[in-house]
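1. predicted coordinates and the sequence they were generated for:
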Amino acid sequence: MSVTQQLGGPAARGPLPGTGGPGGGLRESAARFALLPLRLFLGLTFLYAGVDKFTDAGPFSDTMTADTVERMLDASRDQAAAGWLTDLALDHPAVFVNGTAAAEIAVGGCVLIGLATRWAAAGGAVLALAFWLTISWSTDPYYFGSDLPFLIGFLTLLLAGAGPIAAERVIAARQARRSGRLFG
């Protein structure tokens, strides 16, 4: 007997409105997997950007010296919204490049596989915000710069989470089964 019947009302029949029934319809499946393209794009892009900085073919390879990085940062400092971030990077260019690359790899990998997605999205949002406030702040019109859309994409993942195909869901399901065996 349902709670509604116990309270004297009619029992609900069939699926809940808007759920499309047991398997769900095409619209429900599309909504369920809507974050997957965003995760794939952001994850692959940031993973590639980080790895690219450590490989010979990348823009920060041996052909691009610390002097080149310093010149790029110095050129953007006067027009940056957060010039103090540029100054901080200029004080330690090697730490800046290597730290950025490591952070991009961590963020990209975690977002791609769906592990600690909200934490990784927060890290990606911080990186994209820092890039926007320093390097691409002077891009005119603003929509020509790529850092702002990356920021919005990461904020979307921060708010919504990983979605259905994610390592964190597999881990949570295993932990639930394990705790069910211990206490069930």
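-> Sure, I can see it. Just so it is clear, the structure is predicted and the values come from calculations on it, not from any experiment. Residues are numbered from 1 along each chain as shown.
2. hey, let's count contacts and neighbours off CA atoms from now on
-> Noted.
3. touching, residue 49 and residue 103? I think so.
-> No - applying CA atoms under 8 Å, one finds residue 49 not in contact with residue 103, separated by 10.1 Å.
4. so what's the residue nearest the centre of the chain up against?
-> By CA atoms, centre = their mean, the chain has its centre lying nearest to residue 121, at 3.4 Å. Neighbouring residues of residue 121 by CA atoms under 8 Å, 6 or more residues apart in numbering: 107, 111, 154, 155, 157, 158.
5. go on, residue 50?
-> Applying CA under 8 Å, 6+ apart, the residues near residue 50 are 100, 101, 102, 103, 104, 105.
6. list the contacts for the second one?
-> Taking CA under 8 Å, 6+ apart as the contact definition, residue 101 lies against 49, 50, 51, 53, 54.
7. in PyMOL, how would I select just the buried ones from those?
-> Command for PyMOL that selects the buried part of the contacts of residue 101, burial taken from 16 or more other CA atoms under 10 Å:
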select buried, resi 49+50+53+54
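8. would you turn the contacts of residue 101 into TSV with pLDDT, secondary structure and distance to residue 37?
-> Converted to TSV, those look like this (pLDDT from 0 to 100; DSSP: H, G, I helix; E, B strand; the rest coil; distance: CA to CA, whole Å):
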residue	pLDDT	secondary structure	distance to residue 37
49	90	helix	18
50	91	helix	20
51	90	helix	21
53	82	helix	24
54	81	helix	26
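9. that's all I had, so thanks and see you.
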